[in-house]
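> I'll drop the sequence and a predicted model, then ask my questions.
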Amino acid sequence: MARCAVLHGAVQGYTDIRTQGWVAHLPASWRPYALLMRADRPIGTWLLFLPGLWGIALLAPSWGFGLWLAFLFLLGAFVMRGAGCVVNDLWDRDIDAKVERTRGRPLASGAVTPRQAVAFLALLCTIGLVVLLQLSATAIWLGVLSLLPILLYPAAKRVTDYPQLVLGFTFGWGAVMGPAAASGGLGWEVLPLYAATILWILGYDTIYAHQDREDDAMLGIGSTALKFGERTRPFLAACYAGTVALLALTGAVAGLSAWYYVALLVPAGMLAWQIRALDIHDPARCLALFKFNREVGFAVALAMLVGRV
């Protein structure tokens, strides 16, 4: 496998690191940290933000308050997704150096030292705390609890074939925090909403994991991509069908109008298209389908708003 030359020149070999976008215009000393927190690839920020947006769209008492919460959640998602990436790369720096897609990451390549990464992590967590303190008391405590799965997730791939499920519990936490921030408490609608989010993430991250399937097998790392292999399409269908069913149940519990179910057909169709378009042997296609879930998430949020009219 070709090694990746990151930060100076083009990246060789298959990688999803992007050094030629806006990151290239940052001061040279900042670039490794921007890459470390995946600022070059904002899709992770969007996917972390969207479950919280669902909860806000479902329960915010006014447009103004909802927009304010959406801004806070987006900012929080940006810094805490970055923090999660730092934690992940600290755990995985030795493994990352052996995987084609990840060997150019700043910690794996030596562009950032572990001590520098820890200091950067502290800065990101401080910003995240400032954002968190703007929310309701219930949401603040839920935010504190979220730190545990964030810290434990990177170890999941070492002990289970289902690290994508663990990611679902972690990345989907916004589906709990969003309603808490919007309403000041937690109602029954949170249960199906959180469960729907977990299944959605389990599905789309299984698609993502197929990019690393061969490397993971060589290194003895577990993933649902390896677990299901050629049977990924029916597994993905089960995950996405469960997502849509639970979103429908969320609407019923929250008392949304019939227009919600009509609008929900749009993200349901988008998920069905992913199942049909999947090619587990095409890493670029897997990455594109994974990224398409940003549009799916916004379509769900829009359906919830339609259902409240």
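All right, it came through fine.

> After the helix or strand hosting Ala182, which helix or strand is next?
Assigned by DSSP states H and E, Ala182 falls within helix 174-183. Moving toward the C-terminus from helix 174-183, the next helix or strand (DSSP H and E) is helix 190-209.

> from the chain's centre, how far out does the helix or strand just after that following helix sit?
Next in sequence after helix 190-209, counting helices and strands by DSSP H and E, comes helix 213-219. Distance of helix 213-219 from its chain centroid, counting by Cα atoms, centre = their mean, to the nearest Å, is 22 Å.

> all helices of the stretch 51-200 of the chain, in order?
For the stretch 51-200 of the chain, the helices defined by DSSP state H, counting those that start in this stretch occupy 63-96, 106-109, 114-132, 137-145, 147-159, 163-171, 174-183, 190-209.

> So which bits of the last one are buried?
By neighbour count with 16 or more other Cβ atoms under 10 Å, helix 190-209 contains the buried residues 190-209. For glycine as for every other residue, the C-beta is placed from the backbone atoms N, C-alpha and C.

> for it, packing partners?
Packing partners of helix 190-209 (3 or more Cβ pairs under 8 Å, 6 or more residues apart in numbering; DSSP states H and E): helix 43-59, helix 163-171, helix 174-183, helix 224-228, helix 232-254, helix 258-277, helix 283-291, helix 293-308.

> So which of those is nearest Pro32?
helix 43-59 (17.6 Å; Cβ to Cβ).

> so what does the helix holding Ala182 touch, helix or strand wise?
helix 43-59, helix 63-96, helix 137-145, helix 190-209.

> Compare the mean pLDDT across the ones you listed and name the weakest.
Here the lowest mean pLDDT among those goes to helix 63-96, at a mean of 90.

> Remind me what that one packs against, helices and strands.
Contact here means 3+ Cβ pairs under 8 Å, 6+ apart; on that basis helix 63-96 packs against helix 31-36, helix 43-59, helix 106-109, helix 114-132, helix 147-159, helix 174-183.

> Highest mean neighbour count out of the helices of the stretch 51-200 of the chain?
A comparison of those by mean neighbour count, using mean count of other Cβ atoms under 10 Å, puts helix 174-183 on top with a mean of 26.

> Just the C-alpha atoms of it, please, in CSV.
What follows is helix 174-183, C-alpha atoms only, in CSV (Å, rounded to 0.1, in the frame of the first residue of the first chain):
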residue,chain,number,x,y,z
GLY,A,174,-28.3,14.5,20.7
ALA,A,175,-31.7,12.8,20.2
VAL,A,176,-31.9,12.9,24.0
MET,A,177,-30.2,16.2,24.6
GLY,A,178,-32.2,18.1,21.9
PRO,A,179,-35.6,17.4,23.5
ALA,A,180,-34.2,18.1,26.9
ALA,A,181,-32.9,21.5,25.8
ALA,A,182,-36.1,22.3,23.9
SER,A,183,-38.6,21.4,26.6
